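Asker: Got a sequence here, can you model it:
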Amino acid sequence: MTKQSPKKAIVLLSGGLDSSTTLYYALREGYQCYCLIFDYGQKHKKEIIQAKAIAHKAGCKSVLVKISLPWKGSALLDNKISLPRGRALDAKGIPVTYVPARNIIFLSFAASYAEAIGAKTIFIGANAVDYSGYPDCRPEFIRSYQAMLARGLKTAVEGSAIKVVTPLIHLSKAQIVKLAVKLKVPLHLTWSCYNGTTKPCGTCDSCRLRAQGFARAGIGDSALKI
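Answerer: Numbers count the residues shown, from 1 in each chain. This is a model prediction of the structure:
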């Protein structure tokens, strides 16, 4: 009997709670995961270090792609733009931490990687419930991007489309925390803070959304004990 080839998947891994939970979800679903990590000019490299550590802990191959966005346009890239602190988590509008077209760029690299190695699935930890309002995290964006892939890839034209999977997109942060615990995600390795200090700042949007999720889940955050 011929041994069946493993299902290959590309997982976008930032080192944060959502992407790490997505990686462990994909592993549970039986995928052979290839982690794609980006150095896109962030103000700090802490999340890259943690993403590599999480991929290693999961026993997955990781690839670091370094790209340049010299026009910046985000508080995550530009030292002249201050990171917001204490902003209302339900505030209207898109915050200055939005990176122009980031998920469009990242998913395009993932699609290229997937087509090159014969992977049929891309996992991304996009979330549209407890999030900062980024337009490229919404279900309608993912659907539109999926439609574009169906028309722009050789594999799709030949009848073997690559699918973008977003297992967390409709979950609250508390539900994501509970899922992460169930999947045994090494939460102590994850890094969500927009700052690259020794410990999470606790005041940026990402830290506060994470803290809110852990509090509502009734679970302590092991990453705060580092």
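Asker: My guess is V177 contacts G218. True?
Answerer: No. When contacts are counted by CB atoms under 8 Å, V177 is not listed as touching G218 (9.2 Å). C-beta here means a position set from N, CA and C on the backbone, and glycine is covered the same way.
Asker: The two - which one has more neighbours?
Answerer: Taking neighbours as other CB atoms under 10 Å, V177 and G218 compare with V177 leading, 25 against 9.
Asker: which residues touch that one?
Answerer: L17, G213, F214, A217, I219 (CB atoms under 8 Å, 6 or more residues apart in numbering).
Asker: List only buried entries from those.
Answerer: Those of the contacts of V177 that meet the buried threshold are L17, G213, F214, A217, by 16 or more other CB atoms under 10 Å.
Asker: Centre of the chain to the worst-scoring helix or strand of the chain on mean pLDDT, how far?
Answerer: Taking mean pLDDT, DSSP states H and E as the measure, the chain has helix 154-157 as its least confident helix or strand, at a mean of 90. Helix 154-157 sits 25 Å away from the centroid of its parent chain (CA atoms, centre = their mean, to the nearest Å).
Asker: ok, the helix or strand following that helix: who's next to it in the sheet?
Answerer: Next in sequence after helix 154-157, counting helices and strands by DSSP states H and E, comes strand 163-165. Here strand 163-165 has these sheet partners by DSSP bridges: strand 121-123 (parallel).
Asker: neighbouring contacts of the partner strand?
Answerer: Outside strand 121-123, the residues touching it (CB under 8 Å, 6+ apart) are 7-12, 22-23, 25-26, 31, 33, 107, 110-111, 114, 162-167.
Asker: buried stuff in the lengthiest strand in the chain?
Answerer: For the chain, the strand with the greatest residue count under DSSP state E is strand 31-39. Residues Y31, C33, Y34, C35, L36, I37, F38 are the ones in strand 31-39 that count as buried (16+ other CB under 10 Å).
Asker: Stretch 198-209 too?
Answerer: P200, T203, C204, D205, S206, C207, R208, L209.
Asker: Please list all residues in contact with K92.
Answerer: G133.
Asker: An error on my part: the question was meant for K57.
Answerer: P186, L189.
Asker: same thing with the one 4 residues further on?
Answerer: The contact partners of K61, taken as CB under 8 Å, 6+ apart, are C33, Y34, C35, A55.
Asker: so which pair among the residues you listed is furthest apart in space?
Answerer: Y34 and A55 (9.2 Å; CB to CB).
Asker: Spit out the residues that contact the two alike.
Answerer: K61, S62.
Asker: For the residue nearest to L77 when sequence neighbours are not counted, grab the count of nearby residues.
Answerer: Spatial nearest neighbour of L77, chain neighbours left out: G41 (5.1 Å); criterion: CB to CB, 6 or more residues apart in numbering. If you count neighbours by other CB under 10 Å, G41 ends up with 16.
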